[in-house]
Each structure stands twice: as structure tokens, then as C-alpha cells.
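Colleague: build the 3D model from these lines:
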Amino acid sequence: MRYPIRDAVAIVGVGSTGFSRSSARSMLDMTTEAAITAILDAGLTKNDIDGLAGTMMIAGAPTVSPMEMGAALGLERVTYFSHAPVPIVFSLMDAMAAVYSGACETVLIFHGVFRSPRISKSAGGDAIRATKFAGLSAKRWMPGLAGGDYAAWAKRYMEVYGVDREGLARVAVNGRSWAVDNPLAVWREPIDFDTYYAARMVREPLGLFDMDTPVDGADAFVITTAERARDLAQPAVLVHAASSCLLDRNADCGELLDLDRTAADLVAEDLRSKSELWVDDSDFCIAYDGFSIIALNWLESFGWCGRGEASAFLCDNWDNKNERARLGARGVPLNPHGGSLSEGGTQGSGHLRESVVQLRGQAGARQVPDAKAAVVAIGGLYMNAQGVVLRR
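Modeller: Purely as a prediction, here's the structure:
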């Protein structure tokens, strides 16, 4: 397949505030901090940034616009900007196209998350949140409502393939086991299977540990040409391929006909046609887990195992001593940052950041030895499925 952008752009800077249940900070404050950290990490200054790509939350949640970010950083010359929906790969692909086309040379991608006032208990944060969320439907932000569709599909998955909650449990326990070594994660205490099964059921069959945690925090990335990346401060991580896909029946999760073919399957097919690398080359597995059922689907769509086999696959590839997954003959780790279930609901920015940090060899105690390539699955079953292949 013709794909001239392969390896032509690189991620050269990363910044994060880390994530908490309530920070008592504004979203602009957090997102600006992550942006400044990413720019400095790349060895650049604000004057080197001439492109902005901000993420826009679905369902009308508050966000930081490129205009706000440009003003906050004092950028004097921006020749490209976009405001794409989450997850993060939409903004990454915008930045790739802008840099490759010459619309700009260096793009700052930024993404912030901000908890609803209905579930915030901070003394200082509620007034900020009430202002930011003013005018939004309270029903839209009730905890658990977003899990309705995914709970239904998790139940369908269990009935069609004759499995129980064990696969879901392994996704959750694996994330907590890895998050112990991630200082950015909101939940760093490990859980065992007894704790998982004893937790409150939210929407059958998804319980408390099957749904990502609403958090405060922000991530940011700096993107530029591969040629320029060679002269910058950090090891360059090349974007080998990227994809975001829709199926004609995927207007909404409730409109899926079945689990035999989802947008995730189309992402896998598209990435394989663009990439010279695949899961056999990947040194760790990043499978988006906004809900635990999504991670099982990604494992199957990307060919780690067959359809309906993810639960058994995790069981067969389980490190009982450390309570975590080690996939395949090479013992590849799954979501070594803890994923959304443990680090927090970052809409994919945490998964992308972990991939970059691992490939730079800077992941500390959770570092995968000599990591060179990563196949990264981000997004859900339907309208926001996306993926990226990265290489050192």
C-alpha cells in the first residue's frame, strides 16, 4: 500500500502532570504545565512551536482550545492548528499530516481531563468545575451511564463465546499490578481476584474495576520531522503508521450488529497494510481499556488470539507470581503503565505516552528491556477505533 508518511515524523517531547482524583486546578493550568514540560523535554522553546493540535472531549465536556493554549504559552506564530475529538490519535494524525505537508514544522499536541462536579469532593475544585460544566446535562455526567453500551456488549460477548468474567478480571488485575511502578497513576495499590469479584457491580457484568477512573490531569507531546528529530535532546520515536477507521454501521455503539466485525478489526487491517511491523515485532502490548471488555476485543482484533479467545489467552499467558499478563513466547507485557483502569481515564494519551517513554528507554522500574517497536491500540469498538505503530 502506498504510504509515504511512514517514519517521516517523530515524537520528540513528552510532558505529563500525572493524574489525581481531584487536583483543585483548572484544566488550562494542568494542560499548560504538561505542554511546557513537553517542549522543554524536547530541548525546544515556545518559539519553535508553530502548530497546535488539541483534543476535544465528546458529549460537550470542557476542553482547552488551541486558541487558549496559544495565548497561555505566548506563541507568536502558529501556522496550523486543529481541535480533534478524543482519543488522542486523531490529534496525532492531524499533527503528522501538518508536519509532513509543510504546513508547519513542529506541533504541540495537548490533552487534558477534568472530572465532573457531580463526582468531585475537593474543597477548591468544585467552584471551578461548576463553572466549566455549566449548562451541561447532569444526566450526561452521572457515573456509570457511559458504561451502558459496553456492559451490554460485554454480556453479549460472554454469552456468545461461553466465557465468564475471568478475562475482564485479568485485565483489571494486570493493570493494577503494573501501576505500582507508575508514579503518574491514580491507583497504585495492587488488587487480587478476590477484590475484583467482591467489588460493587455497576452495570452487569461490568463492576467497579472494569471502568476507567475519572481523573484530573494532562499529557502533551511534541511532533516534528524525523530529520529534525535527529538533532534534538531526546531519542526520536518514529511514527511508523497510524490509522482511524469507521464502519458504515458504526454510527453508535448500540448500532453494532455483532462482535464479528468492529471498527477495531478495520483498524488492524489498515495498519497491517501500511506497516512493515506487527504484533510479533511489538515489545509490549498496548490495548486500550476504557472498559475492560475493550481490551479483550483489541487483543482479538490485532491477532494476539482468535475471536472469543482473549479470556483463555490471558489465562494461558499469566504470571501468577506477579499477577500480570505476559503475552506469547516472549512474555510481552500488557499495558505496563496500568492502562486507563489504573492510571486514569486519559482517552488514550496515557497509552501513547507510555509507548513513547518505553521506546525511549525511560520507563524506570517497569521498563521493557531493549524496547524497539510498539503496536498501539486505542479507542473503542465503534466510532473512535484507532491505532498507531511506533518504532525507536
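
Colleague: any low-confidence regions in the protein?
Modeller: 58-61, 116-147, 248-256 (pLDDT under 70).

Colleague: what residues does the residue nearest to the spatial centre of it make contact with?
Modeller: Among the residues of the chain, the one closest to the centroid is Gly348, at 1.5 Å (C-alpha atoms, centre = their mean). With contact taken as C-beta atoms under 8 Å, 6 or more residues apart in numbering, Gly348 is in contact with 86-89, 288, 378-379, 386. For the C-beta atoms, the positions are set from N, CA and C on the backbone; glycine is no exception.

Colleague: name the nearest residue to the residue in the chain sticking out farthest from the centre, sequence neighbours excluded.
Modeller: Largest separation from the mean C-alpha position in the chain: Glu76, at 30.4 Å (C-alpha atoms, centre = their mean). Take Glu76 and drop its neighbours on the chain: the residue closest to it by C-beta to C-beta, 6 or more residues apart in numbering is Asn47, 7.2 Å away.

Colleague: so the one you found sits in a strand?
Modeller: No - checked against DSSP: H, G, I helix; E, B strand; the rest coil, Asn47 lies outside a strand; its state is helix.

Colleague: before we move on, back to that, and the residue nearest to the centre of the chain, how far is that from Val160?
Modeller: 27 Å (C-beta to C-beta, to the nearest Å).

Colleague: and Tyr197, by the same measure?
Modeller: Between Tyr197 and Val160 the computed distance is 22 Å (C-beta to C-beta).

Colleague: where along the stretch 1-150 of the chain do the strands fall?
Modeller: With DSSP state E, counting those that start in this stretch, the ranges of strands along the stretch 1-150 of the chain come out as 9-16, 51-56, 80-85, 106-113.

Colleague: which of the ones you listed sits closest to Asp258?
Modeller: strand 80-85 (25.5 Å; C-beta to C-beta).

Colleague: ok, that closest one: who's next to it in the sheet?
Modeller: Strand pairing for strand 80-85, determined by DSSP bridges: strand 51-56 (parallel).

Colleague: tell me what angle the strand it pairs with forms with strand 106-113.
Modeller: Put simply, strand 51-56 runs at 20 degrees to strand 106-113, going by axes from the mean of the first three to the mean of the last three C-alpha atoms, to 10 degrees.

Colleague: contacts for strand 51-56, please.
Modeller: For strand 51-56, contacts defined as C-beta under 8 Å, 6+ apart pick out 63-66, 69-70, 75, 78-88, 90-92, 94-95, 98-99, 103-112, 223, 347, 349.

Colleague: Val376 belongs to a strand?
Modeller: Yes - judged by three-state DSSP, Val376 forms part of a strand.

Colleague: pretty sure it sits against Gln358.
Modeller: No - in this structure Val376 lies outside contact range of Gln358 using C-beta atoms under 8 Å: 10.4 Å.

Colleague: please name the residues that touch the nearest residue to Asn384 once chain neighbours are set aside.
Modeller: Distance criterion C-beta to C-beta, 6+ apart; nearest residue to Asn384, sequence neighbours excluded, is Pro87 at 5.7 Å. Residues counted as contacts of Pro87 (C-beta under 8 Å, 6+ apart) are 55, 288, 347-349, 378-379, 384, 386.

Colleague: which one of the residues you listed is nearest Leu341?
Modeller: Nearest to Leu341, judged by C-beta to C-beta, of these is Tyr288 at 10.4 Å.

Colleague: hey, what's the nearest residue to that closest one once chain neighbours are set aside bridged with?
Modeller: Nearest non-adjacent residue to Tyr288, counting by C-beta to C-beta, 6+ apart: Ile378, 4.7 Å away. Ile378 has these beta-bridge partners by DSSP bridges: Gln386.

Colleague: ok, now how distant is the residue nearest to the centre of the chain from Asp258?
Modeller: Separation of Gly348 from Asp258 (C-beta to C-beta) stands at 25 Å.

Colleague: kindly report the same for Ile378.
Modeller: As judged by C-beta to C-beta, Ile378 and Asp258 stand 23 Å apart.

Colleague: roughly how far out does the helix or strand harbouring Ser355 sit from the chain middle?
Modeller: Assigned by DSSP states H and E, Ser355 belongs to helix 349-359. Computed by C-alpha atoms, centre = their mean, to the nearest Å, the chain-centroid distance of helix 349-359 equals 9 Å.

Colleague: contacts for that helix?
Modeller: Residues from elsewhere that reach helix 349-359 (C-beta under 8 Å, 6+ apart): 11, 14, 16, 19, 55, 87-89, 92, 111, 184, 219, 221, 235, 237, 283-284, 286, 288, 335-337, 339-340, 343-344, 363, 367-368, 371-374, 376, 378, 388, 390-392.

Colleague: now the buried members of those.
Modeller: Buried members of the contacts of helix 349-359, counted by 16 or more other C-beta atoms under 10 Å: 11, 14, 16, 19, 55, 87-89, 92, 111, 184, 219, 221, 237, 283-284, 286, 288, 335-337, 339-340, 343-344, 363, 367-368, 371, 373-374, 376, 378, 388, 390-392.

Colleague: just the ones of these in helices?
Modeller: 89, 92, 339-340, 343 (DSSP state H).

Colleague: just the closest of those to Gly308, please.
Modeller: The nearest member of these to Gly308, counting by C-beta to C-beta, is Gly339 at 21.6 Å.

Colleague: hmm, Ser292 and that closest one touching each other?
Modeller: No - contact criterion C-beta under 8 Å: Gly339 and Ser292 do not qualify, at 9.1 Å.

Colleague: neighbours of Val202, just the number please.
Modeller: Neighbour count of Val202, defined by other C-beta atoms under 10 Å: 18.

Colleague: in which helix or strand does it reside?
Modeller: Using DSSP H and E, Val202 sits within strand 201-203.

Colleague: any idea which helix or strand comes after that strand?
Modeller: As assigned by DSSP H and E, the chain's next helix or strand after strand 201-203 is strand 206-207.
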